[in-house]
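>>> here you go, sequence then predicted model.
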Amino acid sequence: MKAGAAVPGRRPRVSRDTYRATARSVGIAPRLRRRTVILDVAILAVAGAFLLLTGPLIGSAVSDGVRQITEGVGQSLGGQLGTAQIELPSSGGNSVGGAEPVVNGLPDFTRDTALQLSGRVPSFALAPGRSVEIVLNAAVIADATIDDTGTFAASLTLKDGANAIGLTLLSGKDVIARSAYTVILDRQPPTLDVIGPVDNSTVDGPNVVVQGTAEIGATVTVNGRTIVPGQDGSFSESFTPPVGPVAITVVARDRAGNETTKKSSVTLRAPTAAATLVTVTLDRAKVRPGEIVSALIRVTENGAGKVGTLATLSVGVVPIGSAATDVFGNTRIAFAAPPNEGDATVVVFAAGASGRTVLTVAR
């Protein structure tokens, strides 16, 4: 029998391509593929429903498991960690900001060797067992207790000069905060030199001019009236008392409260018929700070030059110098303009009279 010949009683084989072409031509769709797609969709729908129904249960189980693990770890460590309140460690020598002890009304200068120190500790820094260690000039002098309001106090004995005071807030031996102060003990009265007028002298009226120098930084009063000395301590004050005896009291007081008093008495004579006139003329009315200015001073009596009269020039309250008039009643005094800008009053006193003018200082 030849190969490929038909076998009696048996249907001949049809190729797959021929079968598919014939099936498409008669409208037969491939059933196996449709069943596969429907099956996939069904499986996805079942899986989604399963997740919706079991999701909350799974989440709750996971949460319970995590909580149980956490509680187990906490219970296992609880015996080692304990339940006591946690406290911050001490500063180890570095001050805690804002907790420094503060002293009330401590003076920068004093003339008393005994100093009563009082202060307070901020309320947030209060705790049982805390105290304030007080150090004076590198020596521990007290371990002051703190009351319920945070107040502490101690008595100190100062030495002459600068006194260093250190305060340390302690908790046992631990340093919480520190603060420091300086107080200067000054028991020396300030220097005071009254240049004029001379005690027991007679002064031509109508004015009495008091001049002198005091310790730099001291305040000065003349007959109870406070005046401001210059930067070098010099001062000048003029007043018009009644004719007759005049008592003059000058007091210099330093920053520690020490005082030096100078008293004198003069006789004020009524001005005579002869009128004394003092005029001041500057070579320049406007200068720069620190520039040299020359003042021409003329002292006359009834219109005639007054010979040999001592004229004293001041700029503001600062005495500059004195010079005697020549045979024409004239003299000159040079001075440096003030360092500050503005108008400065130039005043000259001579023979119980005064004259003045204004100097403008500008850059």
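Arrived safely. Owing to the predicted nature of the structure, the values given are computational and were not obtained by experimental measurement. Numbering: from 1, shown residues only.
>>> for residue 160, give me the backbone phi and psi.
Backbone torsions of residue 160, given as degrees, to the nearest 10, read phi -60, psi 140.
>>> next one: it from residue 219, what distance?
In this view, residue 160 and residue 219 are 22 Å apart by CB to CB, to the nearest Å. No exception for glycine: its C-beta is placed from N, CA and C like everyone else's.
>>> and those two? Which one has more around it.
residue 219 (17 against 11; other CB atoms under 10 Å).
>>> how about the more buried one, what does it touch?
By CB atoms under 8 Å, 6 or more residues apart in numbering, the contact list for residue 219 reads 226, 229, 252-253.
>>> hmm, who's touching stretch 340-356?
Contacts of stretch 340-356 (CB under 8 Å, 6+ apart): 203-207, 209, 238, 271, 276-280, 282, 289, 295, 297, 299, 301, 306, 309-316, 325, 337-338, 357-363.
>>> filter those to the buried ones?
203-205, 207, 209, 276-278, 280, 282, 295, 297, 299, 301, 306, 309, 311-316, 325, 337-338, 359, 361 (16 or more other CB atoms under 10 Å).
>>> ok so, going back, got a quick ChimeraX command for the buried subset of the contacts of residue 219?
Restricted to buried positions by 16+ other CB under 10 Å, the ChimeraX selection for those reads:
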select :229,252,253
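>>> narrow the contacts of residue 219 to those in strands?
Among the contacts of residue 219, the members found in strands (DSSP state E) are 226, 252-253.
>>> flag the least confident of the residues you listed.
Lowest pLDDT of the ones in strands among the contacts of residue 219: residue 226, 92.
>>> how much space separates the closest residue to that one other than its chain neighbours from residue 114?
Closest residue to residue 226 apart from its sequence neighbours, by CB to CB, 6 or more residues apart in numbering: residue 219 at 6.3 Å. According to CB to CB, residue 219 stands 25 Å off from residue 114.
>>> hang on, the earlier thing: from residue 134, how far out is the residue nearest to residue 226?
Counting by CB to CB - residue 219 and residue 134 are separated by 32 Å.
>>> cool, and residue 220?
Going from residue 220 to residue 134 by CB to CB gives 37 Å.
>>> okay, now stretch 248-261: how far is its last residue from its first?
End-to-end distance for stretch 248-261, by CA to CA, to the nearest Å: 10 Å.
>>> which parts of it are buried?
Residues of stretch 248-261 classed as buried: 248, 250-256, 258-260 (neighbour count, 16+ other CB under 10 Å).
>>> what about the residue nearest to residue 224 when sequence neighbours are not counted, which SS state?
With sequence-adjacent residues excluded and distances taken as CB to CB, 6+ apart, residue 224 is closest to residue 249, at 7.6 Å. Secondary structure of residue 249, reduced to three states by DSSP: H, G, I helix; E, B strand; the rest coil: strand.
>>> related to what we said a few turns ago, reformat the ones in strands among the contacts of residue 219 into TSV and put distance to residue 233 next to each item.
Below are these laid out as TSV (distance: CB to CB, whole Å):
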residue	distance to residue 233
226	15
252	9
253	13
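>>> which of those sits closest to residue 147?
Closest approach between those and residue 147, by CB to CB: residue 253, at 36.9 Å.
>>> OK, contacts around that closest one?
Here residue 253 is in contact with 190, 218-221, 259 (CB under 8 Å, 6+ apart).
>>> count the neighbours of residue 243 for me.
Using other CB under 10 Å, residue 243 is surrounded by 12 other residues.
>>> which phi and psi does it have?
According to degrees, to the nearest 10, residue 243 has phi -70, psi 140.
>>> looking at this structure, which helix or strand is least sure?
Least confident helix or strand of the chain, by mean pLDDT, DSSP states H and E, is helix 31-81 with a mean of 53.
>>> quick check: neighbours of the helix or strand that comes right after that helix in the sheet, parallel or antiparallel?
The helix or strand immediately downstream of helix 31-81 is strand 102-103, counting by DSSP states H and E. As defined by DSSP bridges, the strand partners of strand 102-103 come to strand 114-120 (antiparallel).
>>> show me the contact partners of the partner strand.
101-106, 132, 134, 149-158, 165, 167, 183.
>>> ranges for the helices of the chain?
Applying DSSP state H to the chain gives helices spanning 16-25, 31-81.
>>> what about residue 345, how many residues nearby?
Residue 345 has 12 nearby residues by other CB under 10 Å.
>>> for it, list each beta-bridge partner.
Counting by DSSP bridges, the residues bridging with residue 345 are residue 358.
>>> which residues touch residue 250?
The contact partners of residue 250, by CB under 8 Å, 6+ apart, come to 192, 194, 210, 212, 220-222, 261-263.
>>> I meant to write residue 316 there.
Here residue 316 is in contact with 230, 338, 344-345 (criterion: CB under 8 Å, 6+ apart).
>>> possible to save these as a markdown table with distance to residue 329 and pLDDT?
Shown next, in a markdown table, are the contacts of residue 316 (distance: CB to CB, whole Å; pLDDT from 0 to 100):
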| residue | distance to residue 329 | pLDDT |
| --- | --- | --- |
| 230 | 29 | 88 |
| 338 | 28 | 92 |
| 344 | 25 | 91 |
| 345 | 23 | 92 |
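>>> CSV for those residues, including distance to residue 176?
Listed next are the contacts of residue 316 as CSV, based on distance: CB to CB, whole Å:
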residue, distance to residue 176
230, 48
338, 52
344, 55
345, 58
